[in-house]
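Engineer: Just to be clear, the model below is a prediction. Sequence and coordinates:
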Amino acid sequence: MNRISIQTTLLATMIAAALAPAAHAGDQPPATDTTQAANQTTPGAPSSTTAPVKNKTQAEREAEAKNAINLSGVTVTPVRDSLQSAQSLKQNARMVVDSIVAEDIGKLPDNSVADALQRITGVQVAQGFQGETSSVVIRGLPNVITTLNGREIFSGVGRAFAFQNLPATAVKTVSVYKSSEASLIDGGIAGLVDMQLYRPLDFDGSKVAATINETHSHYADHNDPTGSVLLSNRWHTDAGDFGALINAGYSRQHYDYNAVWGDFPKVLTDGTGTPMRTSAGNLISAPNGFGADYNIGDRKREEANYALQWKPNDQTEFYAEGLYDWDSDQYNQPFYFSFPVGSVTPSALTVGNNCYPNQLGGSPFYGQTICDATSGTWTGNTYAATSTQAHQEHGHDIQNSLGAKWHNDRWNLSTDFSWNSTSFHEDTFIIDTFLKAPVTTIWSGNQGNRANWLIGNNAQLDPANYYLNGLFQDWNDQQASQFAWRADGTFDFQNDFFQYADFGVRYSDHKAEYHGSVDISTAPPGGTGAISDNPNPANQVIARFPNGYFCDQPTTPAIPVSWLSGCYNYLVDNKGAIRNLYGLDAGQPGEDNGRFYQIKEHAYAAYFQVGYGNTLFGLPFDGLAGIRMERTQRRLNAYSYDAGTNLYSPIDDATNSPVYLPNFSFNLHFTDNLQARFVAAKTLTYPDFGQLNPSISLNPPTINRAGAAASGNPDLKPIRSTNYDASLEWYFAPASYLSGTVFYRDINGYIQNYITDVTIGGLPYQLSSPQSAGSGHLDGAEAAYQQFFDFLPEPFNGLGVQLNYTYIEGSTRSPQFIGGPVVVSPLQNVSRNNGNAVLIYEKYGWSARLAYNYRSRFVDGFNAPNVAGVLDEVTPANQTDFSLSYDFNKYLTGVFNATNIFGANFHNYFGDGTTRPRDIRYQDRTVGVGLRLKL
């Protein structure tokens, strides 16, 4: 009860405060958009409803909605109109929904859908190592189902869609459904994201729109183009209305995403292995090593979508539409690292005052006080190296669909067929080189909450100091497809209480297949000799590759001196010769049985729900009550691994389980503009396909680190959640509202990844594998405020503001590590405090937006046990973005955009505090200019 008392009190306070002006709220002009229950642009797409309008037919409600809201706009649609459209979607939805609507064709406020989602209340995003937003979570949970025009869409062998694959220029609206109802596709305990694209009958006639931008990236120091074009027309004929639309987009980005890291903290020892202590007798913690991981690449994305519509009469529509996106990425991932700790005795060692009990269970020093070192120097026969990883990636997502809709006064029927196809291929070629000893490693401390380090005497800049080490090759190929059919209907009862019924069925046939190569590090000819102080002279890099091998790598504030690693183009252009040098056959390495799986899923679903409404104490109310039933038949083909015999054996596993997901909602309308909601529903998320693969892939250990092993778990069960949401919403003026929401999730079986130290074939490995946790919860509160200050004198009456804040807390009962004690652990990805602040100005043809995104520290994952525990904690990059546009005339607009203008960076730590930085990731700043044309 204590967990939800704060949220309950907050909701009650908001209701009381909002009721005070309720007598006058009805005097405010109502929002111009009144989307109704039947406004389903695609069969099965998330639908919406407003306060009950008794005795109106489904067709009348649909006609009202289409006349009331024009999301595309036939003239320039200013910011406030797009915000008002998004407000209407929120106000009239049957669930808890937040949306963003394009201000105009090709004018969502960010480059990709992934970037645009961060502006929505309760949504948090993060960048990946390739310099773009790749992680999207809703209220801290990554378990999101994605639909395109109401149909499930996904990328690769995952269940989620890579939002960065879809440019924002293609999208009309993006809606985040935080609560569920029976007609929605299941699969996301966090929620559902629906992306709606333009269709030709959205417009009154022909439409031509184009955008072109040039963007400069600070770290990559490169200008790249982005562009899109949309062509649409409609024709009125004796056979009805016809429409055709095609949209295409292209983007390119050169990126330079650099990270500098410290390895896991451990008990500091001298060169003999004896623990070192402070003058007070306390143990000392120091990073196991120091390093850098850069990602320097060139990425291209292309996208095209089409839509065809035919309405032979006002009651019937046929359509065909599709989306194609392609991405290709070529990037160099150079590594630079030194592992002196424990090999030699440090000098110039300093120790700070952050001390704590040693948390490494099983250690003879467990529980003893340990203090974090703050700097040190190591000189001697230690291992320092660089590595060049040349990556080549390409993939695609395709969705095509055919469907029809029909309605009359009481019936609304639809059917939809869709086909998804997706693939992803990655090829990696790696050469490791090491520095001849003696090596001096200087760790100057953690200023800036990062590990600052370098090699003494700049030995890393002399090509003669480098010697060849292992050659490592890797490839993986992912392919997935899905055929889906659904039929949906709504019947209007024209009744005072039971107003309408939604019903439908869905079938899907989903196949996913993954192939991966054997991962083996091959030593150069003649072996390495002693790996540091007495290497084989024949394997000096400049002796093997006398010309063109080395490239200088960028500097950072944490590593202020450049270093050498193999050039990307040299590795890619000379693969055959390098393989031959290492005694390998031409071509790619063979397939690893441990990295193969094939999964087939057949899903059958049906749902039924009723919409009801009437009055209570003179106040209108409405809601939904229903259930979704689904049975999923899954067959897994893979290989299991026997560590004792080092053999793989084929397995064939099948599951067949029913799912029942009830839902209930109640909406109470105090006035036309003040309403309260309550929603309860059961949801679930199925394990990702890769998480179910039981076999083990092995990356053998090196001189400095244990090997890396990864395994799935075929015994994983779906994550189940019982969800409760309650909100109070006051729409006090067009494009202006105040809302508050409290939510609670009772979660069972949340899947989290754990890293465990194991021995396989007599060698040490760190095994990463998923496990189903026990019971847990997630709860919190959201508040959102949006307003344009029209009451201010000119020119200040063009000002507006958007503010939102989300408070989240969550935990689950799970083992501290695999085989360890069950404890209450925080949920991954959950930041306690989250928010957005956007200042808007729109007047005299100018449109400006200054946006700040905030997310507090959160647990990113669970490490192998170390002296600081198991938690991997993150302080995200909270960045500020700016956009500006000016309408030269009604056809042409100039635009200017700047992202991360204050240079916020991502910080990662071992455990709590800031004295054990894991890595800092330098996130880029961009500036772009462009033009937008509309005819």
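Structural biologist: Structure received.
Engineer: Longest strand in the protein, please.
Structural biologist: Secondary structure of the chain per DSSP state E: the longest strand is strand 466-492.
Engineer: which helices and strands does that strand pack with?
Structural biologist: Strand 466-492 is packed against helix 58-68, strand 151-152, strand 383-407, strand 411-435, strand 498-516, strand 521-522, helix 541-544, with contacts defined by 3 or more CB pairs under 8 Å, 6 or more residues apart in numbering; DSSP states H and E. Heads up, the C-betas are built off the backbone N, CA and C, glycines and all.
Engineer: Any regions of the stretch 351-500 of the chain where pLDDT drops low?
Structural biologist: Scanning the stretch 351-500 of the chain with the threshold set as pLDDT under 70 gives no residue ranges.
Engineer: got the end-to-end distance for stretch 448-459?
Structural biologist: Across stretch 448-459, the terminal residues are separated by 25 Å (CA to CA, to the nearest Å).
Engineer: any residues touching it, and which ones?
Structural biologist: By CB atoms under 8 Å, 6 or more residues apart in numbering, the surrounding residues in contact with stretch 448-459 are 260-262, 287, 290, 338, 377, 379, 384, 435, 439-446, 465, 557-561, 563, 875, 907, 909, 914, 917, 919-920.
Engineer: change it to 6 Å
Structural biologist: By CB atoms under 6 Å, 6 or more residues apart in numbering, the residues outside stretch 448-459 that reach it are 260, 262, 290, 440, 442-445, 465, 558, 561, 907, 914, 917, 920.
Engineer: of those, buried ones?
Structural biologist: When the contacts of stretch 448-459 are checked for burial by 16 or more other CB atoms under 10 Å, the buried set is 260, 262, 290, 440, 442-444, 465, 558, 907, 917, 920.
Engineer: Quick one: those residues as CSV, columns for secondary structure too.
Structural biologist: Formatted as CSV, the buried ones among the contacts of stretch 448-459 follow (DSSP: H, G, I helix; E, B strand; the rest coil):
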residue, secondary structure
Val260, strand
Gly262, strand
Phe290, strand
Thr440, strand
Ile442, strand
Trp443, strand
Ser444, strand
Asn465, helix
Ala558, coil
His907, strand
Pro917, strand
Ile920, strand
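Engineer: one step back: may I ask which two of the contacts of stretch 448-459 are separated the most?
Structural biologist: Distance extremes for these: the farthest pair is Asn465 and Thr914 at 33.9 Å, using CB to CB.
Engineer: closest to Leu684 among the buried ones among the contacts of stretch 448-459?
Structural biologist: His907 (34.1 Å).
Engineer: and the nearest residue to the closest one once chain neighbours are set aside, what pLDDT?
Structural biologist: Residue nearest to His907 in three dimensions, not counting chain neighbours: Thr875, with 4.3 Å by CB to CB, 6 or more residues apart in numbering. pLDDT recorded at Thr875 is 95.
Engineer: For Thr875, the count of nearby residues, please.
Structural biologist: 20 (other CB atoms under 10 Å).
Engineer: so how far is Glu152 from it?
Structural biologist: Applying CB to CB, to the nearest Å, the value for Thr875 to Glu152 is 34 Å.
Engineer: could I get stretch 596-604 in CSV with only the CA atoms?
Structural biologist: C-alpha atoms of stretch 596-604 as CSV (Å, rounded to 0.1, in the frame of the first residue of the first chain):
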residue,chain,number,x,y,z
PHE,A,596,22.2,-21.0,-35.1
TYR,A,597,18.5,-21.1,-34.4
GLN,A,598,15.3,-21.2,-36.3
ILE,A,599,12.0,-20.3,-34.7
LYS,A,600,8.5,-20.5,-36.1
GLU,A,601,5.5,-19.1,-34.4
HIS,A,602,1.8,-19.4,-35.3
ALA,A,603,-0.4,-17.1,-33.3
TYR,A,604,-4.2,-17.2,-33.2
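Engineer: Other residues contacting it?
Structural biologist: With contacts defined as CB under 6 Å, 6+ apart, stretch 596-604 is touched by 507-515, 631-638, 689, 693.
Engineer: now stretch 392-410
Structural biologist: Residues from elsewhere that reach stretch 392-410 (CB under 6 Å, 6+ apart): 43, 57, 59, 148, 153, 155, 165, 315-330, 413-427, 492.
Engineer: Show the buried residues in these.
Structural biologist: The neighbour-count test (16+ other CB under 10 Å) applied to those identifies 43, 57, 59, 148, 153, 155, 165, 317, 319, 321-325, 327-330, 413-418, 420, 422-427, 492 as buried.
Engineer: Nearest residue to Ser657 in space, please, no chain neighbours.
Structural biologist: Nearest-residue entry for Ser657: Thr632, 6.4 Å, with adjacent residues in sequence omitted and distances by CB to CB, 6+ apart.
Engineer: element containing the one you found?
Structural biologist: strand 619-642 (DSSP states H and E).
Engineer: what's downstream of that strand, the next helix or strand?
Structural biologist: strand 647-669.
Engineer: gap between Ser856 and Gln752?
Structural biologist: From Ser856 to Gln752 the distance is 20 Å (CB to CB).
Engineer: ok, now Leu83?
Structural biologist: On the measure of CB to CB, Leu83 and Gln752 end up 37 Å apart.
Engineer: Ser444 now?
Structural biologist: For Ser444 relative to Gln752 (CB to CB), the value is 36 Å.
Engineer: Whatever helix or strand Gly690 lives in: how far from the chain's middle?
Structural biologist: Applying DSSP H and E as the criterion places Gly690 in helix 689-692. Centroid displacement of helix 689-692 relative to its chain, using CA atoms, centre = their mean, to the nearest Å, is 18 Å.
Engineer: Kindly state the beta-bridge partners for Leu684.
Structural biologist: Arg720 (DSSP bridges).
Engineer: sorry, back to before: report the rounded mean pLDDT for the strand holding Thr632.
Structural biologist: The average pLDDT for strand 619-642 rounds to 92.
Engineer: repeat for stretch 646-658
Structural biologist: Mean per-residue pLDDT for stretch 646-658: 84.
Engineer: what sits up against the helix or strand encompassing Ser811?
Structural biologist: When elements are assigned from DSSP H and E, Ser811 belongs to strand 799-815. With contacts defined as CB under 6 Å, 6+ apart, strand 799-815 is touched by 121-122, 139-140, 750, 773-776, 778, 780-786, 788-789, 822, 824-827, 830, 832, 834-841.
Engineer: tell me which residues in that strand are buried?
Structural biologist: Using 16+ other CB under 10 Å as the test for burial, strand 799-815 gives 799-800, 802-812, 814-815.
Engineer: Lowest-confidence one in these?
Structural biologist: Across the set of the buried residues of strand 799-815, Pro815 stands lowest in pLDDT, at 72.
Engineer: And the buried residues of strand 799-815, which two are furthest apart?
Structural biologist: Largest separation among the buried residues of strand 799-815 by CB to CB: Leu799 and Pro815, giving 52.6 Å.
Engineer: Ser444 versus the most centrally placed residue in the chain, what's the distance?
Structural biologist: In the chain, the residue lying closest to the centroid (CA atoms, centre = their mean) is Ser135, at 1.8 Å. Taking CB to CB as the measure, Ser135 falls 32 Å from Ser444.
Engineer: How far away from the center of its chain is the strand holding Ser811?
Structural biologist: How far strand 799-815 lies from its chain's middle: 16 Å, per CA atoms, centre = their mean.
Engineer: can you dump the C-alpha coordinates of it into PDB?
Structural biologist: The C-alpha trace of strand 799-815 is given here as PDB (Å, rounded to 0.1, in the frame of the first residue of the first chain):
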ATOM      1  CA  LEU A 799       5.300  32.100 -26.900                       C
ATOM      2  CA  GLY A 800       4.300  28.600 -25.800                       C
ATOM      3  CA  VAL A 801       5.600  26.000 -23.500                       C
ATOM      4  CA  GLN A 802       5.500  22.200 -23.100                       C
ATOM      5  CA  LEU A 803       6.500  20.700 -19.700                       C
ATOM      6  CA  ASN A 804       6.300  17.100 -18.700                       C
ATOM      7  CA  TYR A 805       7.700  15.000 -15.800                       C
ATOM      8  CA  THR A 806       7.600  11.300 -15.000                       C
ATOM      9  CA  TYR A 807       8.500   9.800 -11.700                       C
ATOM     10  CA  ILE A 808       9.200   6.000 -11.800                       C
ATOM     11  CA  GLU A 809      10.300   3.500  -9.300                       C
ATOM     12  CA  GLY A 810      10.500  -0.300  -9.800                       C
ATOM     13  CA  SER A 811      12.100  -3.400  -8.400                       C
ATOM     14  CA  THR A 812      11.900  -7.200  -8.800                       C
ATOM     15  CA  ARG A 813      13.000 -10.200  -6.900                       C
ATOM     16  CA  SER A 814      15.800 -11.900  -8.700                       C
ATOM     17  CA  PRO A 815      19.100 -13.600  -8.000                       C
END
